[in-house]
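Colleague: Would you be able to build a 3D model of this:
(chains A and B, ligands or ions: 3)
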Amino acid sequence: MNAVVGRGKYVEAAVDGGKMKSAAEHKGCRASANTGQASCGSQAGQGDLPIEIWEKVKNHPCYSEEAHHHYARMHVAVAPACNIQCNYCNRKYNCTNESRPGVVSEKLTPEQAVRKVLAVATAIPQMTVLGIAGPGDPLANPAKTFKTFELVAKAAPDIKLCLSTNGLALPDHIDTVARSKVDHVTITINTIDPEIGAKIYPWIFFNHKRYTGIDATRILTDRQLQGLEMLSERGILCKVNSVMIPNINDRHLVEVNKAVKSRGAFLHNIMPLISAPEHGTVFGLNGQRGPTAWELKALQDACEGEIKMMRHCRQCRADAVGLLGEDRSAEFTTDQVMKMDVQYDLDMRKEYQSRVDRERAAKVAAGQKELAECAGEMSAITLLVAVATKGSGLINEHFGHAKEFQVYELSTSGAKFVGYRRVDVYCQGGYGEENRLSAIMGGIHDCHAVFVSKIGGCPKSKLIEAGIEPVDQYAHEFIEKSAIAWFKSYLDKVKRGEIQHVQRGGAAIRQGSGISAA
Amino acid sequence: MPFKIVASQCTSCSACEPLCPNDAISEKGGSFVIEAAKCTECVGHFDEPQCVAACPVDNTCVVDTSLPRYQAPA
Ligand code: SF4
Ligand code: SF4
Ligand code: SF4
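Modeller: Ligands and ions are numbered 1, 2, ... in the order given. From the prediction side, this is the model:
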């Protein structure tokens, strides 16, 4: 308990330091009145994170929204066994066309896993993070998990290690976690109320027994929160994932948010339930729906003041490889990896990464300049825009080739990343398909504009008809800078009475994980 | 009767393997199998058969009715 209180103080003190730093570095950043946080529109800033934490996470694609444009992560599937059953998971189902969290095509031994890590790190120098996230629970497979970490730490000391767990076994392994140089842990906590838990978890396996119902979830919840406290005491960063399940835990997640914040979690990631019937999960089969994009954003916004919210989670496969949203796991199957000529070159990786850092700095500077000019404007208008991007923080994707759009919320305090929307690629083999277009428009229906590097005439006019402005004049420029510039001209037009601002709403979440097999 | 694993249902997740007090479980051809001669139904070790309790797929670790029931040593 002491440690938690102590940490709270430390966070406050560090926030002040953080603000000073961002004010000095980023001209034009202002503290927003209602939250009191430094609300630098640029996601590059550490926001309200203490500097020490920011240093640890700034190159981690999952923990920093801005980093995920530049850095890649990989998961290795060494942990097939699980010690709990969730109603949103069906581990029987594993097909190569299938792509969703928890699912993998290949299970690896620790030795194969290390070989794969080295092969990927050689081919993708911006790969900075290795995660073990299942397909079962890494701590239900402690021998394989820790062996893998040990081997990777020896062979590739610059790679950060992270671990995702349901938390049931976490208190038992806390010292091993600390010893194995794991610098981030993610615990999935969907509820702190055993009654609600009983609707999510049919059983757990603990102390050589299968427990069901409220007994099961009481044990699970206690162990999760205890594990979180133990991590905080040891100074290991902890993020909490929660799956938002409408009518089961959606309202309750605000409570979860408070509970995990007070125990030292530094980031909360609320993810939408994925529950298509064809996945064969209990929720999928009994018709439990997932949230809409709108519901998800409203909940994330409601939790925002309490703790930093993660908005860019792609709900990756347990064997995902590469930049978030761009899975390259198919290139690194065990067969291929065993054949590859692997030469781990630390210097080459460092050199590459420092180039990436310079690129990032340029992007931040560009955004800040626009923001400084925008800062004089006062307007209550906030709106969403969608961006087609291939990464690097640039508007560099053709509308017809976009597999997802990144959504930014624009206001006079800047452009804030608030999520991404998956869509089916509009352009298949050179021509667009009608019904796909309406599905895409459904997915970004709450946006006022869509930024693309290029767009065909037909989708362009359809978008305009639907009230979504297609914007292609910022092709290959930085997202935030362009979005703010566009927003400025939008406000001007509203002021001059050329257009009337209307609020937009309602967008659907496309089911499936963030990484399509296509 | 010892337990057996219904191969067509086993996801070869390996949850059961390390839990067996008698090392009766091993991987064979992509699925896990129980060596009947070694299985004691966990009698004397645990209240319930560990493979059954840990297996995430219901009705996959089942009693093998073709063999005589295991009798715990007196
Ligand atoms: S599932 Fe979410 S947290 Fe995990 S790697 Fe993918 S984006 Fe990051
Ligand atoms: S019942 Fe017990 S002894 Fe028999 S195979 Fe299962 S775990 Fe092993
Ligand atoms: S726990 Fe069940 S599914 Fe997993 S390996 Fe054992 S028998 Fe197969």
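Colleague: Name the residues of the helix or strand containing A:D301 that are buried.
Modeller: For A:D301, the host element (DSSP states H and E) is helix A:293-303. By 16 or more other C-beta atoms under 10 Å in any protein chain shown, the buried positions in helix A:293-303 come out as A:293, A:296-297, A:299-300, A:303. (C-beta placed from N, C-alpha, C; glycine too.)
Colleague: which residue sits closest to A:E397, ignoring its sequence neighbours?
Modeller: Nearest non-adjacent residue to A:E397, counting by C-beta to C-beta, 6 or more residues apart in numbering or on different chains: A:A388, 3.8 Å away.
Colleague: contacting residues for that neighbour?
Modeller: A:395-399, A:401-402, A:405, A:450-453 (C-beta atoms under 8 Å, 6 or more residues apart in numbering or on different chains).
Colleague: Recalculate using a threshold of 6 Å.
Modeller: A:397, A:399, A:402, A:405, A:452 (C-beta atoms under 6 Å, 6 or more residues apart in numbering or on different chains).
Colleague: possible to save those residues as TSV with neighbour count and secondary structure?
Modeller: Conversion of those to TSV gives the following (neighbours: other C-beta atoms under 10 Å in any protein chain shown; DSSP: H, G, I helix; E, B strand; the rest coil):
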residue	neighbour count	secondary structure
A:E397	22	coil
A:F399	25	helix
A:A402	27	coil
A:F405	25	strand
A:V452	28	coil
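Colleague: Return the member of the residues you listed nearest to ligand 1.
Modeller: Nearest to ligand 1 among the contacts of A:A388 is A:F405, at 16.3 Å by C-beta to the nearest ligand atom.
Colleague: Just to check, that closest one is in contact with A:V418?
Modeller: No - contact status for A:F405 versus A:V418: not in contact, 11.6 Å apart, counting by C-beta atoms under 6 Å.
Colleague: tally of neighbours for A:Y474?
Modeller: For A:Y474, the count of nearby residues is 19 (other C-beta atoms under 10 Å in any protein chain shown).
Colleague: Give the closest residue to it in space, chain neighbours not counted.
Modeller: Counting by C-beta to C-beta, 6+ apart, the residue nearest A:Y474 is A:S482, at 3.6 Å.
Colleague: any idea what sits nearest A:A178, other than its immediate chain neighbours?
Modeller: A:R234 (5.1 Å).
Colleague: Isn't that neighbour up against A:V177?
Modeller: No - A:R234 is beyond contact range of A:V177, at 8.2 Å (criterion: C-beta under 6 Å).
Colleague: Neighbour count for those two, which is higher?
Modeller: Neighbours per residue, other C-beta under 10 Å: of A:R234 and A:V177, the larger number sits with A:V177, 25 against 13.
Colleague: what's the helix or strand for the more buried one?
Modeller: helix A:170-179.
Colleague: Do stretch A:195-205 and ligand 3 come into contact?
Modeller: No - if you take C-beta under 6 Å from any ligand atom as the test, stretch A:195-205 misses ligand 3, and the best it gets is 9.8 Å.
Colleague: show me where pLDDT drops low in chain B?
Modeller: Within chain B, the stretches with pLDDT under 70 are B:1, B:69-74.
Colleague: just so I have it, where are all the strands in it?
Modeller: For chain B, the strands defined by DSSP state E cover B:3-5, B:25-28, B:31-34, B:61-63.
Colleague: In the sheet, which strands lie alongside the first one, parallel or antiparallel?
Modeller: If I follow you right, that is strand B:3-5. Note on strand B:3-5: by DSSP bridges, its sheet partners are strand B:61-63 (antiparallel).
Colleague: Is the strand it pairs with positioned near ligand 3?
Modeller: Yes - Strand B:61-63 comes into contact with ligand 3 (C-beta under 6 Å from any ligand atom), by way of B:C61.
Colleague: what's that strand in contact with?
Modeller: B:1, B:3, B:5, B:51-52, B:55.
Colleague: Can you give me the buried ones in that strand?
Modeller: Neighbour-count burial for strand B:61-63 [16+ other C-beta under 10 Å]: B:61-62.
Colleague: Next: stretch A:176-188.
Modeller: Neighbour-count burial for stretch A:176-188 [16+ other C-beta under 10 Å]: A:177, A:180, A:182, A:184-188.
Colleague: And these, which is closest to chain B?
Modeller: A:T188 (16.0 Å; C-beta to the nearest C-beta).
Colleague: List the residues that contact the closest one.
Modeller: A:166, A:241.
Colleague: Show me the beta-bridge partners of it.
Modeller: A:N241.
Colleague: Next one: it, what pLDDT does it get?
Modeller: pLDDT, A:T188: 93.
Colleague: before we move on, what about the one 10 residues further on?
Modeller: A:A198 is assigned a pLDDT of 94 by the prediction.
Colleague: do the one 10 residues further on as well
Modeller: Confidence per residue is given as pLDDT, and for A:H208 that number is 91.
Colleague: residues touching it, list them.
Modeller: Neighbours of A:H208 in contact, by C-beta under 6 Å, 6+ apart: B:F46.
Colleague: can the strands of chain B go into a markdown table with extra columns for distance to A:D341?
Modeller: Below are those laid out as a markdown table (distance: least, C-beta to C-beta, whole Å):
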| stretch | distance to A:D341 |
| --- | --- |
| strand B:3-5 | 40 |
| strand B:25-28 | 31 |
| strand B:31-34 | 34 |
| strand B:61-63 | 44 |
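Colleague: most packed of the ones you listed?
Modeller: strand B:3-5 (a mean of 22; mean count of other C-beta atoms under 10 Å in any protein chain shown).
Colleague: any residues touching whichever strand or helix holds A:L220, and which ones?
Modeller: Using DSSP H and E, A:L220 sits within helix A:213-233. Residues outside helix A:213-233 that contact it (C-beta under 6 Å, 6+ apart): A:3, A:7, A:167-168, A:170-171, A:174, A:185, A:187, A:189, A:192, A:194, A:197-198, A:201, A:203-204, A:206, A:238, A:263-264.
Colleague: Could you do stretch B:33-50 as well?
Modeller: A:208, B:2-5, B:19, B:21-22, B:24-25, B:67, B:70, B:72.
Colleague: Pick out the residue of the stretch 1-150 of chain A closest to ligand 3.
Modeller: A:A81 (6.6 Å).
Colleague: Please report how far that residue lies from A:A169.
Modeller: 11 Å (C-beta to C-beta, to the nearest Å).
Colleague: picking that back up, was I right about the residue nearest to A:Y474 contacting A:D472?
Modeller: No - at 10.6 Å, A:S482 does not count as touching A:D472 under the criterion of C-beta under 6 Å.
Colleague: Any idea how many residues pack against A:A475?
Modeller: Neighbours of A:A475 (other C-beta under 10 Å): 17.
Colleague: ditto for the one 10 residues further on
Modeller: Under the neighbour criterion other C-beta under 10 Å, A:A485 is assigned a count of 22.
Colleague: For ligand 3, see how far away it is.
Modeller: According to C-beta to the nearest ligand atom, to the nearest Å, A:A485 stands 55 Å off from ligand 3.
Colleague: which element is that residue on?
Modeller: Going by DSSP H and E, A:A485 is in helix A:479-495.
Colleague: Give the rounded mean pLDDT of the helix or strand containing A:R360.
Modeller: Assigned by DSSP H and E, A:R360 belongs to helix A:346-374. Summarised as a single mean, pLDDT over helix A:346-374 is 75.
Colleague: How about stretch A:217-224?
Modeller: Here the average pLDDT along stretch A:217-224 is 96.
Colleague: which parts of that stretch are buried?
Modeller: A:217-221, A:223-224.
Colleague: And these, which is closest to ligand 3?
Modeller: Once C-beta to the nearest ligand atom is applied, the member of these that ends up nearest ligand 3 is A:L220, at 19.1 Å.
Colleague: hang on, A:Y420 is in a strand, isn't it?
Modeller: Yes - under DSSP: H, G, I helix; E, B strand; the rest coil, A:Y420 sits within a strand.
Colleague: mind listing what it touches?
Modeller: A:404, A:406 are the contacts of A:Y420 under C-beta under 6 Å, 6+ apart.
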